[in-house]
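Chemist: Give me coordinates for this.
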Amino acid sequence: MSGHSKWATIKHKKAATDARRGKAFTRLIKEITIAARNGGGDVDTNPRLRTAVLAAKAENMPQDNIKRAIQRGTGELPGAIYEELTVEGYGPGGVALLLDVTTDNRNRTVSELRHLLSKNGGNMGEAGCVAWMFHKRGDITVAKDRISEDELMSLVLEAGAEDLRDDGSNWEIITPPDAYEAVLRAIQGRKIEPASSELGMMPQNYVKVEGKEAEQTLRLLEALDDHDDVQHVYSNFDMDESQIAQAVS
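Modeler: Numbering: from 1, shown residues only. Alright, predicted model coming up:
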């Protein structure tokens, strides 16, 4: 069972009820702006923008905010110039960390992230040190009480999913990148809102952490996720669901 998906699910629940909603909006606005800048402002011809807009709508972002972010990306409105970079490293217990970062000041951001990692039992690595451990996949979780395994299996496989896993209190659906939207639409078409959903980097194997290492891992992940320039935090840790829930409650 993958700890990273449990962490994503719990964070998603928290985002609807506390200050994380503001952070989520900031992150999504950056992603929409960059997607529009790189691929144009038409969601029908820009898959990255389409995915970002879907994520923004799932967070109930107002349409005006989405429109302005697209216009900043296409140059119709003024805005900051962001640079994208990937930061790699290790956390407590040797777990791999892969960070998607968007910044208007590379040197400042890299220095701050190096400090955060060091302060919380991790360290920054060289480019390529952990990226090979991850591959791009869609990751959707659905509460078990919403649908039976057999019904969900039939639904998602027909839509193009590659796997359905038992992940504690949730079903975890894994999709190829090009099938993510179709699988998500199929689930939502049954009036089921996923506990969490994202198109991102998924680890190919997992490292189990327990006790103090698990607590330290979660503190590090929270600190990284709270950094204004960090768009996504991917890790290959695994730990008990109850420990994750207790740590982020």
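Chemist: Show me the protein divided up by domain.
Modeler: Following the assignment in automatic domain parsing, the chain carries domains at 3-74, 86-127+205-237, 133-203.
Chemist: Other residues contacting the longest strand seen in the chain?
Modeler: For the chain, the longest strand by residue count, based on DSSP state E, is strand 134-143. With contact meaning CB atoms under 8 Å, 6 or more residues apart in numbering, strand 134-143 is reached by 5, 8-9, 96, 98, 152, 167, 169-177, 179-180, 183-184, 187, 192, 194-204, 234, 236. Quick note: C-beta positions are derived from backbone N, CA and C, even for glycine.
Chemist: List the ones among the residues you listed that fall in strands.
Modeler: Filtering the contacts of strand 134-143 for strands - DSSP E - leaves 96, 98, 167, 170-175, 196-203, 234.
Chemist: rewinding a little: residues of the longest strand of the chain that come out buried?
Modeler: Using 16 or more other CB atoms under 10 Å as the test for burial, strand 134-143 gives 134, 137-142.
Chemist: Report the angle between it and strand 170-175.
Modeler: Orientation of strand 134-143 against strand 170-175 (axes from the mean of the first three to the mean of the last three CA atoms, to 10 degrees) gives an angle of 140 degrees.
Chemist: what about strand 134-143, distance to the chain center?
Modeler: Centroid separation for strand 134-143 versus its chain: 9 Å, with CA atoms, centre = their mean, to the nearest Å.
Chemist: Walk me through which strands it pairs with, and which way each runs.
Modeler: Taking DSSP bridges as the criterion, strand 134-143 sits next to strand 170-175 (antiparallel), strand 196-203 (antiparallel) in its sheet.
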